[in-house]
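Undergrad: Mind looking at a prediction? Sequence and model below.
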Amino acid sequence: MLKKFVFYFAVFCLIFVSCKNSDIGDMNQNSSSLKSVAEKKITETDWTFELEKDRLAQDISVVNSIEKKIKLTPQVFLNSTYSKNLEPVFPCVEGFGSLNTSNFNSEIKKMTEEFASSLCKNKFASNLFDSSDIYELALFSIELKNRWEKTFDFPYPEIDEKKSEELQNQEKTGENSSDAEKQTVQEIILFDEYILGEPFEMNSLCEVPVRFVQKKGFVDVVLYFFKNPNGNWKINQLQILKMQKKFKKDVR
C-alpha cells in the first residue's frame, strides 16, 4: 500500500511540475511577443522633437526683477519693470490682420481717418488724391456701388437728387424746410464705423488696410499712399479686398 502511495505521489509531482513549466513558458512567450510588438511600434513611429523642453522644467513662480518674498499676482507683474520691457501684444481680427497702429505715420494716419470718416458718410475725399489719380477714386466708387446690392441684398444708398433739387429751389424762393429733411438729403450713413489695420511703409510708399463696418456686413479696403515730388503724402490707389455679408447664427 505504501509503495502504491509513493508511486502515485511521484507521478502527481511530475505532472504538477510539468504543467507549471508549461505555464511559465507561455507567460515568457507572451511577454516576449508583447515586448517585440511595443518595440516595433516605437521604431516605426515618427516622433517629434520635444517642444519648449526647458520651459517644462523652468520655475515661473518668480521673476528676476521681483523679490521672492513678494507674492506674484497679475497686478504686481503688470506694474513690474520686467513686464514694461516686454514686447506689447496687439489684437488681431481674423481675416483682416493685426490692429497694431503703434508705428503709424501721423500724417498718413490723419489722411486715412479723413478718408474713412468721409466714406462712412457716403462721401469721397478727392482732396487726398493727386489730380492725376482722381480716376482711381471714380473706379473705386463704381466698383463699390456695383458690388453693393449683390453682397448685402439691398440697393446702394444714394442721395435723392430730385429731393435735393427741390430743397435747393425752396432755399432760393425763401421757402422753409425742416432741418431733419435737409440732413436726410445731405447726409447718408454708408458705414457705422471703421477699423484701421497695421500699416506697411517702405521708402516712399505705404499701404493701409481699413475695414468699414455696417449692420449687414463689412468691406475691406486697402489704401496705397505715395510721397509726391513735393514731399506730400497722397493716395494714389485704393482697392476693395473683400465685401462680405454677416450671416446670422442659428439660435438653438
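TA: Alright, I've got the coordinates.
Undergrad: May I see the buried residues of the longest strand along the chain?
TA: Longest strand of the chain, by residue count under DSSP state E: strand 233-245. Across strand 233-245, burial judged by 16 or more other C-beta atoms under 10 Å covers 233-238, 243. C-betas here are computed from N, CA, C, even on glycine.
Undergrad: Now do it, average pLDDT.
TA: Strand 233-245 shows a mean pLDDT of 95.
Undergrad: Which neighbouring elements make contact with that strand?
TA: Judged by 3 or more C-beta pairs under 8 Å, 6 or more residues apart in numbering; DSSP states H and E, the packing partners of strand 233-245 are helix 106-120, helix 134-152, strand 217-227.
Undergrad: Where in the protein is the helix or strand with the lowest mean pLDDT?
TA: Taking mean pLDDT, DSSP states H and E as the measure, the helices and strands of the chain show their lowest mean at helix 179-186, namely a mean of 48.
Undergrad: the domain parsing of the chain - what is it?
TA: 56-84, 97-157+188-245 (automatic domain parsing).
Undergrad: Pick out the shakiest of those domains, pLDDT-wise.
TA: domain 56-84 (a mean of 67).
Undergrad: And stretch 74-87, end to end?
TA: 17 Å (C-alpha to C-alpha, to the nearest Å).
Undergrad: how close does S117 sit to S80?
TA: Note on S117: its distance to S80, by C-beta to C-beta, to the nearest Å, is 39 Å.
Undergrad: of these two, who's got more company?
TA: S80 (17 against 13; other C-beta atoms under 10 Å).
Undergrad: ok so, going back, deepest in the core, which of the domains of the chain is it.
TA: domain 97-157+188-245 (a mean of 15; mean count of other C-beta atoms under 10 Å).
Undergrad: Do me a favour and get the end-to-end distance for that one?
TA: 18 Å.
Undergrad: when you give positions from now on, start the count at 47
TA: New numbering, starting at 47: the last item is domain 143-203+234-291.
Undergrad: could you dump the domains of the chain to a markdown table with distance to T91?
TA: Formatted as a markdown table, the domains of the chain follow (distance: least, C-beta to C-beta, whole Å):
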| stretch | distance to T91 |
| --- | --- |
| domain 102-130 | 21 |
| domain 143-203+234-291 | 38 |
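Undergrad: out of those domains, which comes closest to K81?
TA: Closest to K81 of these is domain 102-130 (C-beta to C-beta; 28.9 Å).
Undergrad: Which residues are in contact with M157?
TA: Going by C-beta atoms under 8 Å, 6 or more residues apart in numbering, M157 touches 174, 271, 279, 281.
Undergrad: cutoff 6 Å now
TA: Shown in contact with M157 (C-beta atoms under 6 Å, 6 or more residues apart in numbering): L174.
Undergrad: Please report how far it lies from V268.
TA: 14 Å.
Undergrad: same check, this time on G277
TA: Taken as C-beta to C-beta, the span from G277 to V268 is 23 Å.
Undergrad: pLDDT at N215, what is it?
TA: 55.
Undergrad: For G143, find the nearest of the helices and strands packed on strand 279-291.
TA: Using C-beta to C-beta, the nearest of those to G143 is strand 263-273, at 9.3 Å.
Undergrad: Quick check: can you name the pairing partners of the closest one and their directions?
TA: Here strand 263-273 is paired, per DSSP bridges, with strand 251-260 (antiparallel), strand 279-291 (antiparallel).
Undergrad: got a markdown table for those, with distance to G141 too?
TA: Below are the strands paired with strand 263-273 laid out as a markdown table (distance: least, C-beta to C-beta, whole Å):
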| stretch | distance to G141 |
| --- | --- |
| strand 251-260 | 9 |
| strand 279-291 | 8 |
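Undergrad: For I188, find the nearest of those.
TA: Closest among the strands paired with strand 263-273, using C-beta to C-beta: strand 279-291, at 10.9 Å.
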